[in-house]
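Peer 1: got a sequence here, can you model it:
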Amino acid sequence: MSNNYRYLLLDVFTNRRFGGNPLAFQQSLWQRELAHLTPELPVFTQQTQTPDANIHCRMFAPALGIAEDPATGSANGPLGAYLVRYGLVPTLSRTVSLLSEQGFEMGRPSLIDITIDHIDKEISGVRVGGHCVFMGEGALEIDAHE
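Peer 2: Below you'll find the model as predicted:
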């Protein structure tokens, strides 16, 4: 099963220094150490800020011009599959529901619902969802005569 995205997932094990993770701000570190591996890097910990969440995640993508993303469904789906596949969350039923928190450090908290279907930890389905808030709109006019 694939969403055609490949992510290098980094478990930081704790959120003690997680809030000030320097990867978000050190472009030179990214270019020197990580850019050859992946254009983006989701980091996560199972130490959460909200009681209902299973995962606290941050997504850095400086190679794509995004210092940090407040909500990344395309990364949270594979993260949920990873957690189920390697037994990092309880897998008592064939459908595992997880809640990922992201964007808290940016002041744009997001809660992302992840549902993983599996048979003996072999992933058979991944669903990602949540609620969104309208932030704004815009329009671009192009003069056809130029």
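
Peer 1: in the chain, which strand is the longest?
Peer 2: Scanning the chain for the longest strand, with DSSP state E as the assignment, gives strand 110-119.

Peer 1: which residues are contacting the following helix or strand past that strand?
Peer 2: Where DSSP states H and E defines the elements, the next helix or strand beyond strand 110-119 is strand 122-129. Defining contact as C-beta atoms under 8 Å, 6 or more residues apart in numbering, one finds that strand 122-129 is touched by 1, 3, 73-74, 76-78, 80-81, 84-85, 112-118. The C-beta positions use only the backbone N, C-alpha and C, and glycine is treated the same way.

Peer 1: write the PyMOL selection for whichever of the residues you listed are buried.
Peer 2: Selection of the buried residues among the contacts of strand 122-129 in PyMOL, burial being defined by 16 or more other C-beta atoms under 10 Å:
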select buried, resi 73+76+77+78+80+81+84+112+113+114+116+117+118
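
Peer 1: average pLDDT across stretch 32-42?
Peer 2: In this model, stretch 32-42 carries a mean pLDDT of 76.

Peer 1: revised request: answer the last question for stretch 50-57.
Peer 2: Along stretch 50-57, the predicted local confidence has a mean pLDDT of 94.

Peer 1: also stretch 65-82?
Peer 2: 90.

Peer 1: and that stretch, how far out from the chain middle?
Peer 2: Computed by C-alpha atoms, centre = their mean, to the nearest Å, the chain-centroid distance of stretch 65-82 equals 2 Å.

Peer 1: please apply the same query to stretch 71-89.
Peer 2: If you compare the mean C-alpha spot of stretch 71-89 with that of the full chain, they lie 9 Å apart, counting by C-alpha atoms, centre = their mean.

Peer 1: give me the contacts around stretch 134-146.
Peer 2: For stretch 134-146, with C-beta under 8 Å, 6+ apart as the criterion, no contacting residues are found.
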